[in-house]
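Trainee: how would this look folded up:
(one chain, ligands or ions: 1)
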Amino acid sequence: MIQIVQHRHKCIGCNACVEAAPEYWKMSKADGKCYLKKAKQKGEYFMINAPDFALDENVQAAKNCPVRIITVKQL
Ligand code: SF4
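Mentor: Residues are numbered from 1 along each chain as shown. Reported below is the predicted structural model:
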């Protein structure tokens with residue numbers, strides 16, 4: 001199991017995470033930022049737990065994020 005966390009407040013809406021892991025990330029038409037699908041909110045942070053096979057693509061999303069607001073860790 002992995003945990004993916006986004007500090008959404010700082011998102012600049014560049015779409016890089018969506019390109020890396022479209023199963024998990026989507027752009028919001030409402031505010032132009034991306035969101036982590038099915039995530040739970042905790043303050044300014046959004047998080048989900050996902051299966052291990054989602055690790056590589058979400059690590060890539062985190063690396064591609066120009067403002068470094070995505071973290072992925074193994075639980
Ligand atoms: S890569 Fe980062 S800044 Fe770009 S849309 Fe995703 S979370 Fe937002």
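Trainee: now the biggest helix by length in the chain: buried residues?
Mentor: Scanning the chain for the helix with the most residues, using DSSP state H, yields helix 55-64. Judged by neighbour count (16 or more other C-beta atoms under 10 Å), helix 55-64 contains these buried residues: L55, E57, N58, V59, Q60, A61, A62, N64. Every C-beta, even on glycine, is put in place using the N, C-alpha and C of the backbone.
Trainee: report pLDDT for the second one.
Mentor: I take that to be E57. Note on E57: pLDDT of 98.
Trainee: helix or strand next in line after the longest helix of the chain, which one?
Mentor: Once the chain leaves helix 55-64, the next helix or strand it forms, by DSSP states H and E, is strand 70-74.
Trainee: just the CA atoms of that next one, as PDB, please.
Mentor: What follows is strand 70-74, C-alpha atoms only, in PDB (Å, rounded to 0.1, in the frame of the first residue of the first chain):
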ATOM      1  CA  ILE A  70       3.000  15.800  -4.300                       C
ATOM      2  CA  THR A  71       4.500  13.200  -2.000                       C
ATOM      3  CA  VAL A  72       4.300   9.400  -2.300                       C
ATOM      4  CA  LYS A  73       5.400   7.000   0.400                       C
ATOM      5  CA  GLN A  74       5.100   3.300   1.000                       C
END
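Trainee: can you list the buried residues in that strand?
Mentor: Those would be I70, T71, V72, for strand 70-74 by 16+ other C-beta under 10 Å.
Trainee: now that strand against helix 55-64, angle please.
Mentor: 150 degrees (axes from the mean of the first three to the mean of the last three C-alpha atoms, to 10 degrees).
Trainee: what pairs with strand 70-74, and is each one parallel or antiparallel?
Mentor: Here strand 70-74 has these sheet partners by DSSP bridges: strand 2-7 (antiparallel).
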